[in-house]
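*Asks:* return atomic coordinates for the entry below.
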Amino acid sequence: MILDLHEIIEMPGKSVPFQCELDEERLAFPQLEAFEGPVTARGRVRNEAGVLHLEADVTADMLVRCDRCGKPLRRKLTPRYTAVLQADAEDADSENVFPLIGDGADVSDVAETLLILDMDGKFLCRPDCKGLCPTCGKDLNDGPCDCKKEIDPRMAALGQLLDDIQEV
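*Replies:* Residues are numbered from 1 along each chain as shown. The predicted structure follows:
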């Protein structure tokens, strides 16, 4: 959504509110099962002493999968983001500086980018999730599986010696 800012560019102290839905396809990632409702951004762009500041509150209700055990999880994200909008954003060193498009700004693109950069890299059902057994696939959070521990082939000869000693 391109927000027209021509009214506030030369008017310090003025602001323009906005509200928009974000592109769910752009926000998709492997663990995401679905968004449970629209992903929205609401906020305003303020001119503070000639610098345009964007403030956005993003709301996203998601159904994701645990990275270790695959259980479905509900996550509600409600982050608040701030960014600076300027004409020469390509020259800026900060990741929170975004370009103006003429006398406007693509506020949905800014909010989507900030949400993507802030997204968790890993989703866990709980901090101590044990995941799945790599052999049988049992959820190890429910208890140990019945799989025999595989013997390292380099140690097989030692295991054979121990078996021979126990037979004597």
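*Asks:* how is this protein carved up into domains?
*Replies:* 2-129, 130-168 (automatic domain parsing).
*Asks:* show me how far the first one is from its chain's centre.
*Replies:* Here the centre of mass of C-alpha atoms in domain 2-129, compared against the chain's by C-alpha atoms, centre = their mean, to the nearest Å, lies 11 Å away.
*Asks:* next: the shortest one.
*Replies:* Mean C-alpha position of domain 130-168 versus that of the full chain (C-alpha atoms, centre = their mean) differs by 37 Å.
*Asks:* could you list the buried residues of that domain?
*Replies:* 132, 139, 141 (16 or more other C-beta atoms under 10 Å). Just so you know, the C-beta spots here come from the backbone N, C-alpha and C atoms, and that holds for glycine as well.
*Asks:* gap between the first one and residue 69?
*Replies:* To residue 69, residue 132 is 6 Å away according to C-beta to C-beta, to the nearest Å.
*Asks:* mind listing the shared neighbours of these two?
*Replies:* 139, 140 (C-beta atoms under 8 Å, 6 or more residues apart in numbering).
*Asks:* from residue 133, how far out is residue 42?
*Replies:* Distance from residue 42 to residue 133, by C-beta to C-beta: 45 Å.
*Asks:* pLDDT weak spots in the protein?
*Replies:* Counting by pLDDT under 70, the chain has low-confidence residues at 89-94, 163-164, 166-168.
*Asks:* right, and residue 111 touches residue 55 too?
*Replies:* No. Using C-beta atoms under 8 Å, residue 111 makes no contact with residue 55, being 10.5 Å away.
*Asks:* now residue 95. Nearest residue, chain neighbours left out?
*Replies:* Among residues not flanking residue 95 along the chain, residue 117 sits closest, at 6.6 Å (C-beta to C-beta, 6 or more residues apart in numbering).
*Asks:* likewise for residue 115?
*Replies:* residue 58 (5.5 Å).
*Asks:* going by secondary structure, the one you found is in what exactly?
*Replies:* Using DSSP states H and E, residue 58 sits within strand 51-65.
*Asks:* returning to that earlier point: list the residues that are in contact with both of residue 111 and residue 55.
*Replies:* Joint contacts of residue 111 and residue 55 (C-beta under 8 Å, 6+ apart) are residue 81.
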